[in-house]
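Student: For reference, the sequence and a predicted model appear below.
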Amino acid sequence: MVNGKFNSDVVIGLEIHFQPNLKSKLFCSCATKAETKKNENSKDEPNTRTCVICLGMPGSKPMLNKKALDYGLKLGLALNCSIALELIFSRKSYFYPDLAKNYQISQFELPLGKNGEIVLSSGKKIGIERIHLEEDPASLVHPNTIHDSAYTLIDYNRSGICLIELVTKPEMRSPEEAREFLKKLRTILQYLEIFDEQTGVIKADANISIKESGYVRSEVKNITGFKEIERALLYEVERQKQAMQNNEKLVMDTRGWNALTGKTTRLRTKETEADYGYIIDPDLVPIDITQEMIEKTKRGLPELPDEKIKRFITKHKLSPIDAQVLAMERVLAELFEKVAEEIDPILAAQWLRHELVKVANYHKLALDQLRIEELEIVELLSMVEKKEISDRTAQQILSLLTEKGFSPRQYVKEHKLTIVSDTKELEELCKKAIAESQPAIDDYKAGKEIALNNVVGKVMKYTKGTADAAKVKDMLKKMLR
Ligand SMILES: [Zn+2]
């Protein structure tokens, strides 16, 4: 069936679920998060955020959370999907205790969005098959492990929470392409502000097959988190290749991902899709999605990463790689735009994409967790621009700035960090350094250019790093001629 359809060595398709940052559930007003009061731990008591609707009591009527539709529409339009003109929900019937009513409300016949795409930096388009809304089931709680618990507890707090499902076409050719796809998706979710990365969960089921086996596919279920998805894909491609090398025959199966062992294991072999017996939900009347709604949502969309990259290149003359790195992080992109109004954009881009990212990595924080005041950054970089302070001084101040607020200019004044630009003073220091570095000077004169760095280092030390190292080097060279 699928054989012959593909021509790449690896074929990957993803089914991604994420929980949009909504306050209430998809069809009732129950809260999606435990309420936290001051001086209280956010302990979520089981089965406290439930009602007759999300418990599926007979006679209860679900009502659509309008914001969930807004979010779905935003994402669909941002990914260039064609939007259904009618919102229809189906009941996906199955018997399992994680849904009290024995069916899950999902979309089947007519997804909210279809035929969209995400464009990778190579220009390759990864197709989006469909985007739809559905409700999350309850969580099953096993007192011990799933295999040796005498009973199972059920917590319906999660039951009925909105999920957005996004299914890609099987068009990714490597785990690296999948990573780039996910990164782009993550950035788009950041821009649209419909997903909270700190608290929201993103899960994926991945279909993976390789050419050597004739594209016999394995489905890896329930991989949580962007990083884990890539790890699971890398492992699974390798496992399949290894199996072929060992002359094993691959069969279509469903596998689980274990993040601790870093391996996938077989859950079951699967030949056909389970028949869920979808029926249109009679309690939820179809909602018309009008052209007006679509137009209004479109107008409300922020500038998306691809457009931002283009604008950064044309307006601010950034290199494509700088533009891309900045645009892929919303915090960075927004900060850049504000700073670039006051500072040379190229200088601003360099400092934000390299130095600020370095500071974030050093503190092991995401960029949006850093304390960043644009005015302070502008003040700091304007001193760099005018060469009033050395790069090293600026790096140190930048690191301090992300922890607590202060005026960089004041700080430089108080700590006497202004660059030593007085030539007379620098000359004196260079003389002093030469006098103290006889062995290095001898090496330099014997042709070892690199030995001079030692002398430059001394001058930098005398000036507490405030001198311009390149200028010092020139000066030394002249003096040693
Ligand atoms: Zn409820």
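Tutor: Looks like it arrived, so ask away. Residues are numbered from 1 along each chain as shown.
Student: Contacts only, for Arg173.
Tutor: 8-12 (Cβ atoms under 8 Å, 6 or more residues apart in numbering). All C-beta spots, glycine's among them, are computed from the backbone N, C-alpha and C.
Student: Also Ile313?
Tutor: 319-320, 323.
Student: now, which of the residues you listed lie within helices?
Tutor: Using DSSP state H, the subset of the contacts of Ile313 located in helices is 320, 323.
Student: Would you mind listing what in the chain touches the ion?
Tutor: 28, 30, 51, 53-54 (Cβ under 5 Å from the ion).
Student: Secondary structure, distance to Pro305 and neighbour count added to the contacts of Arg173, as JSON lines?
Tutor: Shown next, in JSON lines, are the contacts of Arg173 (DSSP: H, G, I helix; E, B strand; the rest coil; distance: Cβ to Cβ, whole Å; neighbours: other Cβ atoms under 10 Å):
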{"residue": "Ser8", "secondary structure": "coil", "distance to Pro305": "26", "neighbour count": "15"}
{"residue": "Asp9", "secondary structure": "coil", "distance to Pro305": "29", "neighbour count": "12"}
{"residue": "Val10", "secondary structure": "strand", "distance to Pro305": "26", "neighbour count": "22"}
{"residue": "Val11", "secondary structure": "strand", "distance to Pro305": "26", "neighbour count": "21"}
{"residue": "Ile12", "secondary structure": "strand", "distance to Pro305": "22", "neighbour count": "25"}
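Student: Find the pair from the residues of the chain next to the ion with maximum spatial separation.
Tutor: Greatest spatial distance in those: Cys30 and Ile53, 7.8 Å, computed using Cβ to Cβ.
Student: any common contacting residues for these two?
Tutor: What both Cys30 and Ile53 touch, as defined by Cβ under 8 Å, 6+ apart, is the set Gly160.
Student: Skip the chain neighbours and tell me the closest residue to Ala138.
Tutor: Ser159 (4.0 Å; Cβ to Cβ, 6 or more residues apart in numbering).
Student: surely that neighbour meets Tyr96?
Tutor: No. Look at Ser159 against Tyr96 with Cβ atoms under 8 Å: they stay out of range, at 11.8 Å.
Student: And the two? Which one has more around it.
Tutor: Relative neighbour count places Ser159 above the other of Ser159 and Tyr96, with 26 against 10, counting by other Cβ atoms under 10 Å.
Student: and the residue of the stretch 201-350 of the chain nearest the ion?
Tutor: At 14.2 Å from the ion, Asp283 is the closest residue in the stretch 201-350 of the chain, using Cβ to the ion.
Student: and Arg481, how far is that from Lys448?
Tutor: Counting by Cβ to Cβ, to the nearest Å, the separation of Arg481 from Lys448 is 16 Å.
Student: wait, what's in contact with the residue nearest to Val141 when sequence neighbours are not counted?
Tutor: Take Val141 and drop its neighbours on the chain: the residue closest to it by Cβ to Cβ, 6+ apart is Leu153, 4.2 Å away. Contacts of Leu153 were listed using Cβ under 8 Å, 6+ apart, and they are 46, 140-143.
Student: so the most centrally placed residue in the chain, which of the three states?
Tutor: Centrality entry for the chain: nearest residue to the mean C-alpha point is Arg186, 4.1 Å, by Cα atoms, centre = their mean. Following DSSP: H, G, I helix; E, B strand; the rest coil, we place Arg186 in the helix state.
Student: list the contacts for the closest residue to it other than its chain neighbours?
Tutor: Excluding the flanking residues, the one nearest Arg186 by Cβ to Cβ, 6+ apart is Phe226, at 6.1 Å. Contacts for Phe226 were tallied using Cβ under 8 Å, 6+ apart; they are 182-183, 186, 202.
Student: what secondary structure does Ile126 sit in?
Tutor: Going by three-state DSSP: Ile126 is strand.
Student: which other residues reach stretch 86-100?
Tutor: By Cβ under 8 Å, 6+ apart, stretch 86-100 touches 55-56, 64, 69, 102-110, 112, 133, 137-140, 152, 154, 156, 159, 274, 276-281, 284, 286-289.
Student: Can you tell me which of those are classed as buried?
Tutor: 55-56, 64, 69, 103-108, 110, 112, 133, 137-138, 154, 156, 159, 281, 284, 289 (16 or more other Cβ atoms under 10 Å).
Student: Low-confidence bits of the stretch 251-400 of the chain, can you list those?
Tutor: In the prediction, the stretch 251-400 of the chain carries residues with pLDDT under 70 at positions 270-274.
Student: Sketch out the helices for the stretch 101-250 of the chain, chain order is fine.
Tutor: For the stretch 101-250 of the chain, applying DSSP state H, counting those that start in this stretch gives helices covering 175-192, 226-245.
Student: quick one: the longest one to helix 175-192, angle?
Tutor: Counting by axes from the mean of the first three to the mean of the last three Cα atoms, to 10 degrees, helix 226-245 points 160 degrees away from the direction of helix 175-192.
Student: so after helix 226-245, what's the next helix or strand?
Tutor: Once the chain leaves helix 226-245, the next helix or strand it forms, by DSSP states H and E, is strand 253-258.
Student: tell me the SS of Lys92?
Tutor: Here Lys92 is strand, with the state taken from three-state DSSP.
Student: same thing with Ile16?
Tutor: For Ile16, the assignment made with three-state DSSP gives strand.
Student: Go ahead and confirm Val216 touches Glu248.
Tutor: No. Using Cβ under 8 Å, Val216 makes no contact with Glu248, being 11.0 Å away.
Student: quick one: which of those two has more around it?
Tutor: Val216 (18 against 11).
Student: Quick check: pLDDT value at the more buried one.
Tutor: We have a pLDDT of 94 for Val216.
Student: which one is it nearest to, not counting chain neighbours?
Tutor: Using Cβ to Cβ, 6+ apart, the closest residue to Val216 is Leu250 (4.4 Å).
Student: count of residues packed around that neighbour?
Tutor: Quick note: Leu250 (other Cβ under 10 Å) scores 18 neighbours.
Student: Pro175 versus that one, what's the distance?
Tutor: Here Leu250 is placed at a distance of 18 Å from Pro175 (Cβ to Cβ).
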